[in-house]
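1. here is a sequence together with a model predicted from it:
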Amino acid sequence: MEILVMGAGAWGTTLARLAQRGGHQVQVWSRSGDQDLGSLIAKAEVLISAVAMAGVGHTITQLQACGRLPPKILVTATKGLARGPRIVTPAQLWQAAFPTHSVVVLSGPNLCREIDQGRPAATVVASGDAAAAVTIQGVLASPQFRVYTSPDPLGVELGGTLKNVIAIAAGASDGLELGANAKAALVTRGLAEMIRVGTYWGAKTETFYGLSGLGDLLATCNSPLSRNYQLGYQLAQGSSLKTALEKLSTTVEGVNTSQVVTDLTPNPEQIMPISYQVACLLRGEITPQVAVTNLMQRDVKSEW
């Protein structure tokens with residue numbers, strides 16, 4: 001198939017390589033490049049968007065302005081949230097712009113460097129159009145990259161997005177050298193928090209126990225390859241948010257996600273206590289040490 005990947009960053013480049021390994025013809029388009037988007041769209045059978053959340057709206061606008069409709073299958077591999085009257089996901093932006101197209105969400109425990117090294121990995125593709133999800137499964141699947149399908153695109157998208165905030169907390173936990181017990185408790189309660197928030201916004205509970213929820217949470221909370229983990233670690237080591245982001249020199253989606261989700265979900269201090277503390281930390285209102293104290297001194301309660 002003819003595949004167009006929009007976004008020439010690490011994730012977009014990795015997805016392009018995966019499709020190429022499957023024998024597909026792949027073009028990569030960058031927002032900062034000078035390629036003719038119209039001619040690329042004319043040949044594409046599948047479009048994969050791997051741009052950062054902040055660039056999704058602009059990318060859609062450029063696509064609409066090029067004078068050609070995109071291919072019928074649009075894949076979004078962006079993990080982030082936009083601010084509106086309610087939480088807005090990348091897939092919702094794409095579907096609103098192209099209501100007659102099939103939008104497929106791709107998310108999972110997918111650290112680019114490991115995939116590029118040929119190490120085994122798995123992901124999920126989710127869509128309301130089951131046939132479109134199966135098509136993308138065939139495009140990307142290989143002996144080193146296992147692809148599952150799901151009928152819950154919102155849950156898959158929110159799982160891959162909400163875990164970024166918990167990963168910042170996990171990085172801070174390691175940066176403070178709080179130990180394995182604290183880290184295990186943090187990740188476990190973080191998953192419970194993701195489920196509460198995700199189901200409130202309409203996702204299915206069981207989706208969060210899969211690759212895009214628990215799987216992605218484990219990968220990003222335990223690997224220094226995760227940008228969100230690295231941000232939390234550096235904050236705990238005394239760096240300011242500005243300095244830490246400059247060192248990473250790339251988009252850290254958990255920063256924006258923490259603010260959007262805590263602003264738009266009712267009673268965030270009770271429903272999502274970890275994410276709430278992360279949001280306060282990123283706004284400079286508390287230190288990592290104070291965040292730990294606030295979480296440990298919450299009222300005792302039943303686990304479920």
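-> Okay, I see it. Numbers count the residues shown, from 1 in each chain.

2. for the rest of this, base every contact and every neighbour count on C-alpha atoms.
-> Noted.

3. buried residues in stretch 55-65?
-> 56-57, 59, 63 (16 or more other CA atoms under 10 Å).

4. restricting to C-alpha, output it in PDB.
-> Provided in PDB are the C-alpha atoms of stretch 55-65 (Å, rounded to 0.1, in the frame of the first residue of the first chain):
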ATOM      1  CA  GLY A  55       0.400  20.500  15.900                       C
ATOM      2  CA  VAL A  56      -2.700  18.400  15.200                       C
ATOM      3  CA  GLY A  57      -5.000  21.300  14.500                       C
ATOM      4  CA  HIS A  58      -2.500  23.100  12.300                       C
ATOM      5  CA  THR A  59      -1.800  19.800  10.400                       C
ATOM      6  CA  ILE A  60      -5.600  19.300   9.800                       C
ATOM      7  CA  THR A  61      -5.900  22.900   8.500                       C
ATOM      8  CA  GLN A  62      -3.000  22.300   6.000                       C
ATOM      9  CA  LEU A  63      -4.500  19.100   4.900                       C
ATOM     10  CA  GLN A  64      -7.900  20.800   4.300                       C
ATOM     11  CA  ALA A  65      -6.200  23.600   2.400                       C
END
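
5. can you give me the helices for the stretch 51-200 of the chain?
-> Secondary structure of the stretch 51-200 of the chain (DSSP state H, counting those that start in this stretch): helices at 53-65, 90-97, 112-116, 130-140, 153-175, 180-200.

6. need those in TSV with distance to Arg83 and mean pLDDT, can you?
-> Listed next are the helices of the stretch 51-200 of the chain as TSV, based on distance: least, CA to CA, whole Å; pLDDT from 0 to 100:
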stretch	distance to Arg83	mean pLDDT
helix 53-65	11	94
helix 90-97	11	97
helix 112-116	27	96
helix 130-140	27	97
helix 153-175	14	98
helix 180-200	16	97
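
7. could those helices go into TSV alongside distance to Ala10?
-> As requested, these are exported to TSV (distance: least, CA to CA, whole Å):
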stretch	distance to Ala10
helix 53-65	14
helix 90-97	18
helix 112-116	7
helix 130-140	16
helix 153-175	17
helix 180-200	26
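
8. who wins for proximity to Lys72 among those?
-> Counting by CA to CA, Lys72 lies closest to helix 130-140 out of those; the figure is 9.0 Å.

9. contacts for the closest one, please.
-> Around helix 130-140, the neighbours that count as contacts under CA atoms under 8 Å, 6 or more residues apart in numbering are 1, 15, 18-19, 22, 24, 73, 102-104, 125-127, 147-151.

10. at 10 Å instead, please
-> For helix 130-140, contacts defined as CA atoms under 10 Å, 6 or more residues apart in numbering pick out 1, 3, 15-24, 46, 48, 72-75, 101-106, 123-127, 146-151.
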